[in-house]
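# after the sequence you'll find the predicted model.
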Amino acid sequence: MNMMTAEQLVRLPQEEMARYIKRLTVAKSENTLDWIFWQRDDQKPPTGDWRVWLVRAGRGFGKTRMGAEWVREMATAHPGARIALVGATLNEARTVMVEGESGLLPLSARDRLSWEPSLRTLRWPNGSIATLYSAAEPESLRGPQHDFAWADEVAKWPHGIATWDNLMLGLRLGERPRVMATTTPRAVPLVKRLDQENGVALTKGSTRANACNLPPAFIDELTALHGGTRWGRQELDGELIEDAEGALWTRDLLEKRRAQSVPEMKRIIIGVDPPASKGGDACGIIVVGLGADGFAYVLADHSVAGRSPEGWARAVAAAAEVWGADRVIAEGNQGGDMVVSTLRAADIAMPVKKVHAARGKAARAEPVAALYEAGKAFHGGAFPELEDELCGLIAGGSYEGPGRSPDRADALVWAMSELMLGKQGTEPRVRQL
């Protein structure tokens with residue numbers, strides 16, 4: 001009896017499926033623990049002579065499991081192999097690629113792996129070693145050599161092109177060095193480049209392709225919120241969506257304004273866009289600083305969702321304390337008073353300026369977008385959720401980004417406007433009492 005895969009098995013009529021399962025021997029039933037049994041046809045490695053395998057698919061497609069299983073296969077089939085595991089940050093590389101539910105450690109219980117977090121290394125008994133790297137530090141990949149690499153969520157990488165080029169220059173060990181890149185698509189320069197390069201094998205897929213392994217409520221909720229939208233086509237269907245016509249920010253512009261480092265800050269403002277409703281909207285909390293060079297820098301995104309008014313107000317207070325902010329700017333008609341009272345309750349003494357929206361979000365954003373165009377505003381890192389919203393703001397007033405409202409983008413606009421477009425404050429910094 002030939003061993004079927006799970007995908008073949010579920011296509012059988014129920015009675016025939018039951019008969020097949022009853023006939024399984026103990027040895028064959030143990031095979032159902034293996035990835036070769038569970039993987040779908042669209043999750044199998046491509047055939048042919050490829051150097052890069054790009055998996056560009058919607059959320060929940062199974063990209064992380066694919067990457068971890070491919071690394072396992074390379075490590076065991078090539079004793080002594082050197083493998084790079086590159087995430088957007090070291091924390092994401094560790095918590096997703098290694099320790100996550102579909103990461104290497106949970107899937108490798110029978111492999112007897114040795115995990116050394118302090119050294120950022122995984123070791124196999126046959127001598128293969130995987131080392132973690134962060135795309136936030138492209139220079140860390142200058143020098144190390146590898147046989148194979150798994151690059152996760154490359155569309156989120158803070159310095160995508162530089163990190164990728166350093167990784168590829170070090171991919172020179174073994175007879176056939178290869179890299180697997182997994183990502184939810186965003187039309188950032190690196191993803192667009194890989195989409196066109198020779199030697200790149202592309203796997204595309206949607207969230208629905210993995211429906212049998214996802215809670216129905218997860219798919220239903222995302223489809224109800226984002227089905228048919230540009231963002232839904234990107235995040236659920238796995239399409240590579242180009243910038244919307246008339247967008248105030250583009251992916252190329254944001255990449256050009258991504259700072260390699262940030263200077264000392266002269267002033268720090270936290271912009272807050274409280275949720276307009278109690279159901280599902282996020283509270284945008286964006287930290288922006290005025291550098292010693294006179295330019296503005298986005299420093300952090302502390303936005304939260306699903307919190308009570310007191311909950312998100314406390315998140316604002318925590319961010320203000322961490323960053324030693326000079327001022328909080330909050331939309332007055334959407335909860336500014338709650339921010340004021342919570343800061344006082346937390347003994348955070350600082351000015352809170354309540355602002356009122358006289359124009360629509362896109363109209364308020366246009367002068368701030370002009371700061372980016374003029375090279376006066378930069379991002380001190382990668383902020384994918386915020387950048388998705390910025391790229392969804394369209395000149396003239398429409399919004400084509402994720403969610404019902406660009407909460408993060410609006411918080412950024414309030415902070416940038418106060419820092420760069422209003423009167424420069426001269427009051428001294430006020431710290432916690």
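Received the coordinates, thanks.
# I figured Val272 hits Val288, correct?
No. If you go by C-beta atoms under 8 Å, Val272 and Val288 don't touch, sitting 11.6 Å apart. C-beta here means a position set from N, CA and C on the backbone, and glycine is covered the same way.
# okay, the two: which has more neighbours?
Each of Val272 and Val288 has its neighbours counted (other C-beta atoms under 10 Å); Val272 has more, 33 against 30.
# quick check: phi and psi at the residue nearest to Trp414 when sequence neighbours are not counted.
Nearest residue to Trp414 in three dimensions, chain neighbours excluded: Gly271, at 3.9 Å (C-beta to C-beta, 6 or more residues apart in numbering). When read as degrees, to the nearest 10, the backbone of Gly271 gives phi -90, psi 140.
# what sits opposite Gly271 in the beta ladder?
Beta bridges link Gly271 to Ile286, Ile329, judged by DSSP bridges.
# show the contacting residues for it.
Gly271 makes contact with 284-286, 288, 329, 410-416, 418, according to C-beta atoms under 8 Å, 6 or more residues apart in numbering.
# give me the subset of these lying in helices.
Under the assignment DSSP state H, the contacts of Gly271 contribute 410-416 to helices.
# now for the chain, the helix or strand with the poorest mean pLDDT.
Every helix and strand of the chain was ranked by mean pLDDT, DSSP states H and E. The lowest is helix 26-30, at a mean of 47.
# give the rounded mean pLDDT of stretch 78-86.
Averaging pLDDT along stretch 78-86 gives 98.
# from what I can see Thr203 touches Ala57, true?
Yes. Judged on C-beta under 8 Å, Thr203 makes contact with Ala57 at a distance of 6.9 Å.
# neighbour count winner among those two?
Of the pair Thr203 and Ala57, Ala57 is the one with more neighbours under other C-beta under 10 Å, namely 26 against 20.
# beta partners for the more buried one?
Gly205.
# any weak-confidence spans in the stretch 201-350 of the chain?
228, 277-280, 333-336, 339, 342-350 (pLDDT under 70).
# all strands for it, in order.
265-273, 282-291, 296-301, 304-305, 327-331 (DSSP state E, counting those that start in this stretch).
# using a markdown table, please lay out those strands together with distance to Asp237.
As requested, the strands of the stretch 201-350 of the chain are exported to a markdown table (distance: least, C-beta to C-beta, whole Å):
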| stretch | distance to Asp237 |
| --- | --- |
| strand 265-273 | 28 |
| strand 282-291 | 23 |
| strand 296-301 | 25 |
| strand 304-305 | 23 |
| strand 327-331 | 33 |
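# and of those, who's closest to Lys192?
strand 296-301 (22.8 Å; C-beta to C-beta).
# okay, the angle between that closest one and strand 265-273?
60 degrees (axes from the mean of the first three to the mean of the last three C-alpha atoms, to 10 degrees).
# contact partners for the residue positioned nearest the centre of the chain?
Centroid-nearest residue in the chain: Lys156, 4.8 Å away (criterion: C-alpha atoms, centre = their mean). Neighbour list for Lys156: 88, 135, 183, 186, 382, 384 [criterion: C-beta under 8 Å, 6+ apart].
# keep only those of those residues that are in helices.
Pro384.
# top of the contacts of Lys156 by neighbour count?
Ala135 (30 neighbours).
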